[in-house]
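Trainee: test case, fold it:
(3 chains)
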Amino acid sequence: MSPELILTLFDRVGVFVFAISGGIVAVRKDMDLFGVIVLAFLPAIGGGTLRDLILDQPVFWLSDTPTLLLAIAGGLTAFVCHRWLENFRPLRWADAFGLSLFAVTGAAKAMSLEHGLAVVLIMGALTASAGGLMRDVVANEEPLLLKKDIYATAALLGAGVYFALATYGLPETTAFAGGLAAAFTLRALAIVFKLSLPKSPF
Amino acid sequence: MSPELILTLFDRVGVFVFAISGGIVAVRKDMDLFGVIVLAFLPAIGGGTLRDLILDQPVFWLSDTPTLLLAIAGGLTAFVCHRWLENFRPLRWADAFGLSLFAVTGAAKAMSLEHGLAVVLIMGALTASAGGLMRDVVANEEPLLLKKDIYATAALLGAGVYFALATYGLPETTAFAGGLAAAFTLRALAIVFKLSLPKSPF
Amino acid sequence: MSPELILTLFDRVGVFVFAISGGIVAVRKDMDLFGVIVLAFLPAIGGGTLRDLILDQPVFWLSDTPTLLLAIAGGLTAFVCHRWLENFRPLRWADAFGLSLFAVTGAAKAMSLEHGLAVVLIMGALTASAGGLMRDVVANEEPLLLKKDIYATAALLGAGVYFALATYGLPETTAFAGGLAAAFTLRALAIVFKLSLPKSPF
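Mentor: Predicted coordinates for the structure are as follows:
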């Protein structure tokens, strides 16, 4: 398989898993089928949509029907299998993978438009985590992303590593793989060792 | 009256009624006059704003002052008459009409930009119901739209019927009327028979 | 100092103070360091971002790294000094100043694009207060902005005075100073005399 094909495949998995995360929240909040689909869409395409609007790029899913279908499929999967999925451990790892991938694709898009480090970091974190935040806000849930765990911080790290490697002239594929590995490693450590960012001790 | 004039008139009614729905929520949540106006704006122009941003079109109300004035008028009407309006049955039917109309105008805008079925459906539902969702999120209310009733689903149906009729080469006016009738019929059935979408039975 | 330099300096102060307001809410809601930074960003750059998206202008902070750094600095300041800052009275006045300044810069941007009074007023209020609203919505707090006090109304007044003065042909600097003074005066009166907008008495 070509690198592009692998990347597309990974991206599809990320969208599907993020959509499931939204669908599960919707079922837990007693939403109906339409609500489940809406909440599946938010994490799956919300972050990328915001990224594209701010960067003044065509919103990616306008010409990417498979992503929309996968978001719906993720919602339907959660609608049917939510009980089983909530305790399904591999889902967490797929989510960590989606987070890392979205962070690096967001950073790469910003960098291809010649933005500097600050914007690249923001776009990495935004692509990976703004959709999850929208999901929690619309569902009227506590935004855990802002409260505990190391989640968006892993996206920031991945975006930063990608930026550094690409700036130092490494090939795109290497920078991409490096950013992906950095984000995933930090997220994996956070899951395994239950790491959290500090809260204000004052 | 020409078809365009009728359409404009209908659109004005839709904006006004949607604005009232926002104003009523605001008064119920004990908001002040400014809050009432803001919550009137959200359902009246929120969905169309999001649609235009995502489709990369000029945001419609930038050059449509009457819509802005009508949104304010709807808010003020709710501010003064909310007690009377909350149990005013015709309001529900005007809302159903606004929903249907916004769904078809949203779908028509997406289709005029040569988007496919998936995007047309999303834009129909978004134009008709995203503003109502924003209203509930900002007011910190349960998003009923995602929980019960058949509301956005009627918008999806209307957008779909419009798409089908226009694709099969029927004149614009026929496709428009067909989509409008389909959405309104489904919404009316939902109101009369208290229909709801299923929730996850698992 | 040239007028531009003064304006830039004032703008920086506004961003910093708005960011602190977000950071304080985040610490109060028990958020971690990442959450504090996100909630600092929302009031500091959220309103201007929405304004630029709707006006179809390049989002201002994409080419304004100092603003991003100041937003982070404001968040960190709140993270460390929140206890001391919550009762720090000058902060309120700096916030009133930021509100007034953002209102007039938002109005000026809309007017430079040849929009009429309605859009100019909306852009003034949006730039000054939409970010604070986003902060409250994401933090799942009561949106006080919509409930009491005279806050966004001061922004509307400032934008309106700027529009009137500029329309009557006064020099840009005079119109700007007039709008700023009007917004700040109303906000100051509201703080000192605890003024509020009316709620629906019906």
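
Trainee: make sure residue A:130 is actually in contact with residue A:46.
Mentor: Yes - the pair residue A:130 / residue A:46 is scored as a contact, 6.1 Å apart, by CB atoms under 8 Å. For the C-beta atoms, the positions are set from N, CA and C on the backbone; glycine is no exception.

Trainee: of these two, which one has the most company?
Mentor: Per other CB atoms under 10 Å in any protein chain shown, whichever of residue A:130 and residue A:46 has more neighbours is residue A:130, with 25 against 22.

Trainee: and the strand or helix carrying residue A:180, is it in reach of chain C?
Mentor: According to DSSP states H and E, residue A:180 maps onto helix A:172-193. No - using CB under 8 Å from any CB of the partner chain, helix A:172-193 stays clear of chain C, with a minimum separation of 11.8 Å.

Trainee: remind me what that helix packs against, helices and strands.
Mentor: The contact analysis (3 or more CB pairs under 8 Å, 6 or more residues apart in numbering or on different chains; DSSP states H and E) places helix A:172-193 against helix A:89-112, helix A:152-167.

Trainee: the same query, at a cut-off of 10 Å, please.
Mentor: With contacts taken as 3 or more CB pairs under 10 Å, 6 or more residues apart in numbering or on different chains; DSSP states H and E, helix A:172-193 sits against helix A:3-28, helix A:89-112, helix A:117-138, helix A:152-167.

Trainee: elements contacting the shortest one?
Mentor: I take that to be helix A:152-167. helix A:89-112, helix A:117-138, helix A:172-193, helix C:33-54.

Trainee: and for the closest residue to residue A:110 other than its chain neighbours, the neighbour number?
Mentor: Of all residues not flanking residue A:110 in the chain, residue A:123 sits nearest, at 3.8 Å (CB to CB, 6 or more residues apart in numbering or on different chains). Counted with other CB under 10 Å, residues neighbouring residue A:123 total 31.

Trainee: what residues are shared contacts of residue A:130 and residue A:46?
Mentor: By CB atoms under 10 Å, 6 or more residues apart in numbering or on different chains, residue A:130 and residue A:46 have no common neighbours.

Trainee: and the pLDDT at whatever residue of chain A ends up closest to chain B?
Mentor: Of all residues in chain A, residue A:35 sits closest to chain B, at 3.0 Å by CB to the nearest CB. Listed pLDDT for residue A:35 reads 95.

Trainee: for the most centrally placed residue in chain A, which residues are in contact?
Mentor: For chain A, the residue nearest the mean C-alpha position is residue A:128 (3.2 Å; CA atoms, centre = their mean). Residues in contact with residue A:128 (CB under 10 Å, 6+ apart) are A:14, A:18, A:43, A:47-48, A:51, A:98-107, A:151-152, A:154-156, A:158-159, A:183, A:187.

Trainee: for residue C:186, see how far away it is.
Mentor: With distances taken as CB to CB, to the nearest Å, residue A:128 is found 42 Å from residue C:186.

Trainee: hmm, the helix or strand bottoming out on mean pLDDT in chain A in reach of chain C?
Mentor: Using mean pLDDT, DSSP states H and E, helix A:3-28 stands out as the lowest-scoring helix or strand of chain A, at a mean of 89. No - using CB under 10 Å from any CB of the partner chain, helix A:3-28 stays clear of chain C, with a minimum separation of 14.5 Å.

Trainee: quickly check: that helix near chain B or not.
Mentor: Yes - residues of helix A:3-28 contacting chain B under CB under 10 Å from any CB: A:23, A:24, A:26, A:27, A:28.

Trainee: so which of these comes closest to residue B:6?
Mentor: Set against residue B:6, the nearest of these by CB to CB is residue A:26 (38.5 Å).

Trainee: just checking, the closest one touches residue A:76?
Mentor: No - applying CB atoms under 10 Å as the test, residue A:26 and residue A:76 come out as separate, 11.4 Å apart.

Trainee: can you pull the contacts of the residue in chain A positioned nearest to chain C?
Mentor: For chain A and chain C, the shortest gap (CB to the nearest CB) falls at residue A:146, measuring 3.0 Å. Contacts for residue A:146 (CB under 10 Å, 6+ apart) come out as A:129, A:133, A:136, A:152, A:197, C:26, C:29-39, C:138-139.

Trainee: next one: residue A:50
Mentor: A:59, A:106, A:123, A:126, A:127, A:130, A:131, A:133, A:134, C:49, C:53.

Trainee: format those as JSON lines; extra columns: pLDDT and distance to residue A:7.
Mentor: Shown next, in JSON lines, are the contacts of residue A:50 (pLDDT from 0 to 100; distance: CB to CB, whole Å):
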{"residue": "A:59", "pLDDT": "96", "distance to residue A:7": "20"}
{"residue": "A:106", "pLDDT": "96", "distance to residue A:7": "14"}
{"residue": "A:123", "pLDDT": "97", "distance to residue A:7": "17"}
{"residue": "A:126", "pLDDT": "96", "distance to residue A:7": "20"}
{"residue": "A:127", "pLDDT": "96", "distance to residue A:7": "14"}
{"residue": "A:130", "pLDDT": "96", "distance to residue A:7": "21"}
{"residue": "A:131", "pLDDT": "96", "distance to residue A:7": "19"}
{"residue": "A:133", "pLDDT": "95", "distance to residue A:7": "25"}
{"residue": "A:134", "pLDDT": "96", "distance to residue A:7": "25"}
{"residue": "C:49", "pLDDT": "97", "distance to residue A:7": "29"}
{"residue": "C:53", "pLDDT": "98", "distance to residue A:7": "29"}
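
Trainee: select only the buried ones of these in PyMOL?
Mentor: Selection of buried members from the contacts of residue A:50 for PyMOL, criterion 16 or more other CB atoms under 10 Å in any protein chain shown:
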select buried, (chain A and resi 59+106+123+126+127+130+131+133+134) or (chain C and resi 49+53)
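
Trainee: hmm, back to that, may I ask which of the residues of helix A:3-28 next to chain B has the most neighbours?
Mentor: For the residues of helix A:3-28 next to chain B, the largest neighbour count, defined by other CB under 10 Å, is 35 neighbours, found at residue A:23.

Trainee: from memory it sits against residue A:80, does it?
Mentor: Yes - contact criterion CB under 10 Å: residue A:23 and residue A:80 qualify, at 9.4 Å.

Trainee: so what's in contact with those two at the same time?
Mentor: residue B:200.

Trainee: if I pick residue A:49, what's in contact with it?
Mentor: Listed by CB under 10 Å, 6+ apart, the contact partners of residue A:49 are A:41-42, A:59-62, A:127, A:130-131, A:134, B:50, B:53-54.

Trainee: can you list the low-confidence ranges for chain A?
Mentor: A:1 (pLDDT under 70).

Trainee: which residues touch residue A:2?
Mentor: Contacts for residue A:2 (CB under 10 Å, 6+ apart) come out as residue A:8.

Trainee: quick check: it vs residue A:64, distance?
Mentor: Taking CB to CB, one finds residue A:2 at 19 Å from residue A:64.
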